[in-house]
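Undergrad: no sequence for this one, just the structure:
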């Protein structure tokens with residue numbers, strides 16, 4: 001069960017990253033181009049939110065099953081999986097959730113795009129940084145390789 005969830009979590013990150021990149025580019029285009037906020041924009045943002053939450057739930061289950069979280073905090077790998085990765089991903093999920101919620105509350109299309117661009121963009125940066133920290137702290141892990 002653990003290996004299946006670990007593979008799913010490693011593979012699902014690509015869906016989250018691709019959707020986040022597309023959503024951020026789309027939101028920046030809408031924000032700076034002063035475009036209308038369409039039903040397609042709303043669906044893209046919703047699918048991005050849902051995919052990120054699925055990734056978070058898989059990660060939450062892995063947190064309790066993984067032998068890596070049983071390592072001591074003095075170990076770089078243990079510290080990364082117990083604290084650093086977990087904290088950064090929780091903040092990223094909160095940013096995505098808040099950005100989506102804030103975009104729903106405003107009526108102006110440009111404001112909707114701006115909220116998505118800022119919050120989803122910050123989440124994207126945080127996720128990429130977290131993956132880069134993993135590749136530095138965990139031997140044998142790479143940014144593009146499924147671990």
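TA: The structure has been received and is ready for your questions. It should be emphasised that the depicted structure is a prediction, and the values quoted were computed from it without experimental measurement. Numbers count the residues shown, from 1 in each chain.
Undergrad: Please list the residues outside stretch 80-100 that contact it.
TA: With contacts defined as C-beta atoms under 8 Å, 6 or more residues apart in numbering, stretch 80-100 is touched by 20, 45-46, 48-49, 52-53, 56, 59, 63, 66, 68-69, 71, 73, 115-116, 118-120, 122-123, 126-127, 129-130, 133-134, 137-138. Placement of C-beta: from N, CA and C, glycine included.
Undergrad: Quick check on those: which are buried?
TA: 20, 45, 48-49, 52, 56, 59, 66, 68-69, 71, 115-116, 118-120, 122-123, 126-127, 130, 134, 137-138 (16 or more other C-beta atoms under 10 Å).
Undergrad: Check the gap between the nearest residue to residue 70 once chain neighbours are set aside and residue 127 for me.
TA: Residue nearest to residue 70 in three dimensions, not counting chain neighbours: residue 78, with 7.6 Å by C-beta to C-beta, 6 or more residues apart in numbering. Noted for residue 78: a distance of 21 Å to residue 127, by C-beta to C-beta, to the nearest Å.
Undergrad: Going along the chain, name the helices of the protein.
TA: 2-32, 39-65, 76-79, 85-105, 109-137 (DSSP state H).
Undergrad: who does the second one touch, helix- and strand-wise?
TA: With contacts taken as 3 or more C-beta pairs under 8 Å, 6 or more residues apart in numbering; DSSP states H and E, helix 39-65 sits against helix 2-32, helix 85-105, helix 109-137.
Undergrad: nearest to residue 41, of the ones you listed?
TA: Nearest to residue 41, of all those, is helix 2-32, at 6.4 Å by C-beta to C-beta.
Undergrad: mean confidence score for the closest one?
TA: On average, the pLDDT along helix 2-32 is 93.
Undergrad: how many neighbours does the closest residue to residue 118 other than its chain neighbours have?
TA: Closest residue to residue 118 apart from its sequence neighbours, by C-beta to C-beta, 6+ apart: residue 99 at 6.9 Å. Look at residue 99: counted by other C-beta atoms under 10 Å, it has 26 neighbours.
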